[in-house]
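*Asks:* starting from these lines, generate the structure:
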Amino acid sequence: MPQKIINLLKKGSDANHSDKFRRGNIINLPADAELIATGDIHGHQRNFERIIKFADLAGNNNRHLLLQEIIHGGPEDAHGGCLSYKLLFDAIEWKVKFPDQVHIIMSNHDTTFINNGMVIKNGKEMNRSMRSAIDREFQQTSEEIKKAMTSFFLSQPLAIRCANRIWLSHSLPSDRNLQKFDGVIFDRPLTIEDTVQPGSAYLLTWGRNHSQETLDKMAEMLDVDIFILGHQRQSGGFRLAGNNLLIIASDHNHGCLLPIDLSKTYTIEQLTSSIFPLASIA
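*Replies:* Predicted coordinates for the structure are as follows:
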């Protein structure tokens, strides 16, 4: 069983690197396609199942699925250890099954696992909680499992760029860190140092509360019109957070997803009206 998981993580890493739509650390999606965008999942197994059912990738060869922030949340073991790594393994199985349709982008909790840092969620330090659960389940092979997980997280792309000028990433650099952000991060292999502050992968995945000025500067830098992000909690499932920013969440009962026809040009209001509640998927 442990070797099967290690092999899966290796296959997932290989699939991330060989994704035919990947250039550098960006997935570039064409106009003759659809995208199902989701927000943070945080171990929510039922919502993940709903997302997979809605996406129906086997029946739609030109449909793509964005997944993000899968770990840290959901079920716990008898010692209170976070079991969300099990959902991560499920998601990687879908990446391996549909290597050019499933795109799992790097998120801030991923960077914390990579650099073995600390991240608090609902009063609990989630990295230690999940690592201790992995140790209990896999025992003598746990270090090898964690090493393979680190490699998988480092292999993830940072963002998706769509032909209709929509950009999707976990977040964007915050106002105070915008000048520290180096866009070269999109073009070269990622390192552990990139995930530690002030590394640019860290800055890209941890930013919150963006001003319109920062959004406009990032839009110019990246040559896009609209941003769709996760990362920031949304009790209602989504929020229009700027003239060109929509934030979505998929990790609770009001979570949602967003289907996008990449052959069409959208206003931010049109995208908002396309939000689809996960609870409506039986």
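
*Asks:* ok, now how distant is Ile275 from Ser263?
*Replies:* As judged by C-beta to C-beta, to the nearest Å, Ile275 and Ser263 stand 20 Å apart. Quick note: C-beta positions are derived from backbone N, CA and C, even for glycine.

*Asks:* just Ala163 next, same as before
*Replies:* Distance, Ala163 to Ser263, by C-beta to C-beta: 8 Å.

*Asks:* what's the overlap in contacts for those two?
*Replies:* Taking C-beta atoms under 8 Å, 6 or more residues apart in numbering as the criterion, Ala163 and Ser263 both touch 31, 33.

*Asks:* thinking again about what came up before, neighbour count: Ile275 and Ser263, which is higher?
*Replies:* Per other C-beta atoms under 10 Å, whichever of Ile275 and Ser263 has more neighbours is Ile275, with 16 against 13.

*Asks:* touching, the more buried one and Phe238? I think so.
*Replies:* Yes. Using C-beta atoms under 8 Å as the test, Ile275 is close enough to Phe238 to be in contact (5.2 Å).

*Asks:* which residues do those two both contact?
*Replies:* By the contact definition C-beta under 8 Å, 6+ apart, Ile275 and Phe238 are jointly contacted by 248, 256, 258.

*Asks:* let's see if you can find the most crowded of those.
*Replies:* Ranked by the number of neighbours (other C-beta under 10 Å), these place Ile248 first, at 25 neighbours.

*Asks:* partners of the host helix or strand of that residue, with directions?
*Replies:* Assigned by DSSP states H and E, Ile248 belongs to strand 245-248. Looking at strand 245-248 with DSSP bridges, its partner strands are strand 226-229 (parallel), strand 238-242 (antiparallel).

*Asks:* contact partners of that strand?
*Replies:* By C-beta under 8 Å, 6+ apart, the list of residues contacting strand 245-248 from outside reads 37-39, 210, 215, 226-232, 234, 237-241, 256-258, 268, 271-272, 275.

*Asks:* now with 6 Å?
*Replies:* With C-beta atoms under 6 Å, 6 or more residues apart in numbering as the test, strand 245-248 has contacts from 39, 215, 227-229, 232, 234, 238-241, 256, 258, 271.

*Asks:* ok so Val184 is a strand residue?
*Replies:* No. Going by DSSP: H, G, I helix; E, B strand; the rest coil, the assignment for Val184 is helix, not a strand.

*Asks:* among the strands paired with strand 245-248, which comes closest to Ala55?
*Replies:* With C-beta to C-beta as the criterion, Ala55 lies closest to strand 226-229 of the strands paired with strand 245-248, at 16.2 Å.

*Asks:* the stretch 101-250 of the chain: strands as residue ranges?
*Replies:* Secondary structure of the stretch 101-250 of the chain (DSSP state E, counting those that start in this stretch): strands at 102-105, 120-121, 124-125, 159-162, 166-169, 226-229, 238-242, 245-248.

*Asks:* ok, of those strands, where does mean pLDDT dip lowest?
*Replies:* For the strands of the stretch 101-250 of the chain, mean pLDDT drops lowest on strand 120-121, to a mean of 90.

*Asks:* which neighbours does it have in its sheet, and in what orientation?
*Replies:* The sheet places strand 120-121 alongside strand 124-125 (antiparallel), with pairing taken from DSSP bridges.

*Asks:* ok, and the closest non-adjacent residue to Arg208?
*Replies:* Spatial nearest neighbour of Arg208, excluding adjacent residues (C-beta to C-beta, 6 or more residues apart in numbering): Gln232 at 5.5 Å.

*Asks:* mind putting the contacts of strand 245-248 into JSON lines with distance to Phe186?
*Replies:* Listed next are the contacts of strand 245-248 as JSON lines, based on distance: C-beta to C-beta, whole Å:
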{"residue": "Gly39", "distance to Phe186": "21"}
{"residue": "Leu215", "distance to Phe186": "18"}
{"residue": "Phe227", "distance to Phe186": "15"}
{"residue": "Ile228", "distance to Phe186": "17"}
{"residue": "Leu229", "distance to Phe186": "16"}
{"residue": "Gln232", "distance to Phe186": "22"}
{"residue": "Gln234", "distance to Phe186": "26"}
{"residue": "Phe238", "distance to Phe186": "26"}
{"residue": "Arg239", "distance to Phe186": "26"}
{"residue": "Leu240", "distance to Phe186": "26"}
{"residue": "Ala241", "distance to Phe186": "23"}
{"residue": "Cys256", "distance to Phe186": "27"}
{"residue": "Leu258", "distance to Phe186": "23"}
{"residue": "Leu271", "distance to Phe186": "23"}
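
*Asks:* understood, closing this out.
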